[in-house]
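Student: turn this into a structure:
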Amino acid sequence: MKKVHILLPVAFCSLLLFLATRVEAGDEEKHAVITLWPEGAPLAKGVADDDVPNLTVYLPRRLPCRAAVVVLPGGGYTILARDHEGRQPAEWLNNLGVAAFALQYRLGPKYHYSAIARCAARCSLRSRRRQCLRHRY
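Tutor: Below you'll find the model as predicted:
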């Protein structure tokens with residue numbers, strides 16, 4: 001009888017671990033990326049990924065959606081907290097039926113406030129509307 005009491009929690013934990021890894025593997029879906037300045041960003045100091053501001057598109061499963069939000073991850077101008085302040089809030093908004101666009105902006109000390117502010121202004125949904133309609137986002 002004691003063997004059953006020991007095996008049951010072990011089997012249950014193994015099942016949970018298996019299901020958790022399956023869910024993680026299924027969550028890795030590709031999202032569209034919109035470059036803010038396809039011809040090259042103003043004040044750019046190179047062409048590396050960190051020099052090219054873009055929006056990652058997170059769409060809810062239910063389309064069409066009637067609302068959208070631009071997510072600007074924090075990081076104190078030195079890093080981008082892309083996962084816990086970018087992807088996670090975007091996916092949470094998707095669960096509410098809201099489209100989310102996570103901004104990858106340029107960082108200091110290489111770039112100063114004016115370049116970062118241009119990225120934020122450029123990604124406004126009003127300026128992205130035509131491109132989103134063209135791609136049916």
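
Student: quick one: low-confidence parts of the protein?
Tutor: 1-29, 125-137 (pLDDT under 70).

Student: where along it do the strands fall?
Tutor: 33-35, 54-58, 68-71, 99-104 (DSSP state E).

Student: okay, the ones you listed in JSON lines with distance to residue 82 and mean neighbour count next?
Tutor: The way it works is simple: take the backbone N, C-alpha and C, and place the C-beta from them, glycine included. Shown next, in JSON lines, are the strands of the chain (distance: least, Cβ to Cβ, whole Å; neighbours: other Cβ atoms under 10 Å):
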{"stretch": "strand 33-35", "distance to residue 82": "12", "mean neighbour count": "14"}
{"stretch": "strand 54-58", "distance to residue 82": "9", "mean neighbour count": "22"}
{"stretch": "strand 68-71", "distance to residue 82": "10", "mean neighbour count": "18"}
{"stretch": "strand 99-104", "distance to residue 82": "7", "mean neighbour count": "24"}
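
Student: so which of the ones you listed is nearest residue 80?
Tutor: With distances scored as Cβ to Cβ, the stretch of these nearest to residue 80 is strand 99-104 (6.4 Å).

Student: same for that closest one, what does it pack against?
Tutor: Applying 3 or more Cβ pairs under 8 Å, 6 or more residues apart in numbering; DSSP states H and E, we find strand 99-104 packed against strand 54-58, strand 68-71, helix 88-95.

Student: that older thread, now distance to residue 121 too, for the strands of the chain, in TSV please.
Tutor: TSV is the format used below for the strands of the chain (distance: least, Cβ to Cβ, whole Å):
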stretch	distance to residue 121
strand 33-35	15
strand 54-58	13
strand 68-71	11
strand 99-104	11
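
Student: partners of the spatially closest residue to residue 56 that is not a sequence neighbour in the sheet?
Tutor: Among residues not flanking residue 56 along the chain, residue 102 sits closest, at 4.6 Å (Cβ to Cβ, 6 or more residues apart in numbering). Residues in a beta bridge with residue 102, per DSSP bridges, are residue 56, residue 71.

Student: tell me how far residue 102 lies from residue 60.
Tutor: Look at residue 102 and residue 60: by Cβ to Cβ, to the nearest Å, they are 14 Å apart.

Student: again, but for residue 38
Tutor: Counting by Cβ to Cβ, the gap from residue 38 to residue 60 is 26 Å.
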